[in-house]
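Trainee: What follows is a predicted structure for the sequence shown.
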Amino acid sequence: MNDDSIYTGKAAPDAASDRGWLLGHFKDAADPRHSTDVEIKWGVHPKGDERAQWVRGEERTALQVLISGRFRLEFPGRTVVLAEQGDYVVWGRGVDHSWYAEEDAVVLTVRWPSIPGYRADDSTAEAIDLPTG
């Protein structure tokens with residue numbers, strides 16, 4: 001077996017180098033964490049942390065699982081609160097969204113597919129200001 005095909009690590013320090021993302025197309029092709037099929041993020045959010053802009057034009061399906069804390073997701077016409085460990089939400093392509101950490105929170109996000117050159121905060125996905133009030 002080639003040792004280069006196995007990677008071990010710790011989510012928090014590994015995630016720090018790619019804005020929380022542990023696995024996806026953005027990892028070097030020789031890295032076992034490279035994938036064009038899926039992206040995985042370890043998100044650590046202090047209380048009050050929020051997405052600066054709504055994501056519009058999302059091109060992937062997403063799953064978000066609460067590890068700890070309390071985390072709120074906003075969708076057009078609907079709010080989902082992840083309050084107990086293991087609570088999760090799935091949303092499909094084209095679903096606009098934003099989020100807010102109601103308490104210190106850790107969430108695991110899985111998105112698919114992993115699209116090269118695509119980031120929700122890039123100009124390829126239209127972003128709008130988070131509504132206030």
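Mentor: The structure has been received and is ready for your questions.
Trainee: before we move on, what SS does the residue nearest in space to the middle of the chain have?
Mentor: Taking Cα atoms, centre = their mean as the criterion, T109 is the residue nearest the geometric centre of the chain, at 4.3 Å. Assigned with DSSP: H, G, I helix; E, B strand; the rest coil, T109 falls in the strand class.
Trainee: That one touches L66, doesn't it?
Mentor: No. Between T109 and L66 there is no contact under Cβ atoms under 8 Å: 10.6 Å. Where you see a C-beta, it was placed from the backbone N, CA and C, and this is true even at glycine.
Trainee: So what pairs up with the residue nearest to the centre of the chain in the strands?
Mentor: Judged by DSSP bridges, the bridge partners of T109 are K41, Q64.
Trainee: Could you measure from it over to I67?
Mentor: To I67, T109 is 11 Å away according to Cβ to Cβ, to the nearest Å.
Trainee: what do you get for V95?
Mentor: V95 is 22 Å from I67, where distance means Cβ to Cβ.
Trainee: quick one: the helices in this protein?
Mentor: Applying DSSP state H to the chain gives helices spanning 11-15.
Trainee: Where in it is the helix or strand with the lowest mean pLDDT?
Mentor: Across the helices and strands of the chain, the lowest-confidence element by mean pLDDT, DSSP states H and E is strand 127-129, at a mean of 34.
Trainee: sorry, back to before: so what's in contact with T109 and L66 at the same time?
Mentor: Common neighbours of T109 and L66 are not found (criterion: Cβ atoms under 8 Å, 6 or more residues apart in numbering).
Trainee: mind listing the strands for the chain?
Mentor: Assigned by DSSP state E, the chain shows strands spanning 21-23, 39-45, 53-55, 61-68, 71-75, 78-82, 88-91, 98-101, 105-112, 127-129.
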